[in-house]
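Q: Test case, fold it:
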Amino acid sequence: MKKQTKNYYCHVALLLFILSLVGCTGGTNKEAKTDPSENDSAKQSQEVTKGTQESDPSGKQEDKSVPKKSSEVSAKDDSNDATSEESKNKESKNLSKNEKENPLSDYSSKKVEYARVWLQLGPNQDLDELNVRHISAGELINPNDDTSASYPEDVIQLAGSRLVDGSVTYSSNRDGTINVYNVPLRWDSPADVDKNFMQEYTQGIIKNRKLVHVDPGDNEEIIKLIDIMKVH
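A: Sure thing, here's the model as predicted:
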């Protein structure tokens, strides 16, 4: 009888031990169901929300990516256009002022050049008229002699209305300098000359042409020459 009682108590103790183990395992499983990362995420979310509310009590955040208002951009563009237009008007006024200050601005650059060349190199300044003749490259230097050499470039011949006024024959380099040819206004060929005389003489004219820098000259004198100028 004592042995059966002892076995009974042992079975009861074993049953209680098993029940206690089951209870501990259930508690562990419940705790395991809670993910620590979820707690961390929730905590971070709360901190972000708190920080946002502190920086902006209204709960609204400014969107820095939103562009400026179109009215502000338009006003800036209008200001730039006004500045540019003002600068152009200023330059135009300065240009007009310079043109008014320069009395030669009403005349072509070619006519001013002809007058300057004559004013500097013309044999006679007391002219009734200043004749301008264009001679093309390839034309004979002495048009009265077929053995004459030809001009290697286009030239200008300036002359008065009288033989005594003389002439100036030159080509323009368009840089303030000219090539001057020592060509007579009238050719008188002697009766008895060597066959190659004119060819050699005119070739010498080409070879001995001189480079001359043209001075600006006096504007009033230049205008007087332009007024009596005749371009042929």
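Q: Show me this protein divided up by domain.
A: 76-106, 108-231 (automatic domain parsing).
Q: Would you mind finding the most buried of those?
A: Each of those was scored by mean neighbour count; the highest is domain 108-231, a mean of 15, by mean count of other CB atoms under 10 Å. Any C-beta I mention is one placed from the backbone N, CA and C, and that applies to glycine too.
Q: quick revisit: now tabulate the domains of the chain in TSV and tack on distance to Leu16 and mean pLDDT.
A: Below are the domains of the chain laid out as TSV (distance: least, CB to CB, whole Å; pLDDT from 0 to 100):
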stretch	distance to Leu16	mean pLDDT
domain 76-106	87	66
domain 108-231	123	94
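Q: Pipe those domains into JSON lines and attach distance to Leu15 per row.
A: Output for the domains of the chain, formatted as JSON lines (distance: least, CB to CB, whole Å):
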{"stretch": "domain 76-106", "distance to Leu15": "89"}
{"stretch": "domain 108-231", "distance to Leu15": "125"}
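Q: ok now do Val112, which residues does it touch?
A: 104, 222, 226 (CB atoms under 8 Å, 6 or more residues apart in numbering).
Q: which SS state does it fall under?
A: Secondary structure for Val112, judged by DSSP: H, G, I helix; E, B strand; the rest coil, is helix.
Q: who touches Lys224 in this structure?
A: Per CB under 8 Å, 6+ apart, neighbours of Lys224: none.
Q: So what pairs up with the nearest residue to Val231 once chain neighbours are set aside in the strands?
A: In space, Val231 comes closest to Val132 once its chain neighbours are excluded; the distance is 4.5 Å by CB to CB, 6 or more residues apart in numbering. For Val132, the beta-bridge partners under DSSP bridges are Leu158, Val231.
Q: close enough to count as contact, Val132 and Ser167?
A: No - Val132 lies out of contact with Ser167 (CB atoms under 8 Å); the separation is 10.9 Å.
Q: now the strands for the protein?
A: Remark: strands assigned in the chain by DSSP state E are 130-135, 155-159, 167-172, 177-181, 210-213, 229-231.
Q: Of all these, which one is nearest Ser109?
A: Across the strands of the chain, Ser109 has its closest neighbour in strand 167-172 (10.2 Å, CB to CB).
Q: any idea of the angle that closest one forms with strand 130-135?
A: 50 degrees (axes from the mean of the first three to the mean of the last three CA atoms, to 10 degrees).
Q: who does strand 167-172 pair up with?
A: By DSSP bridges, strand 167-172 pairs with strand 155-159 (antiparallel), strand 177-181 (antiparallel).
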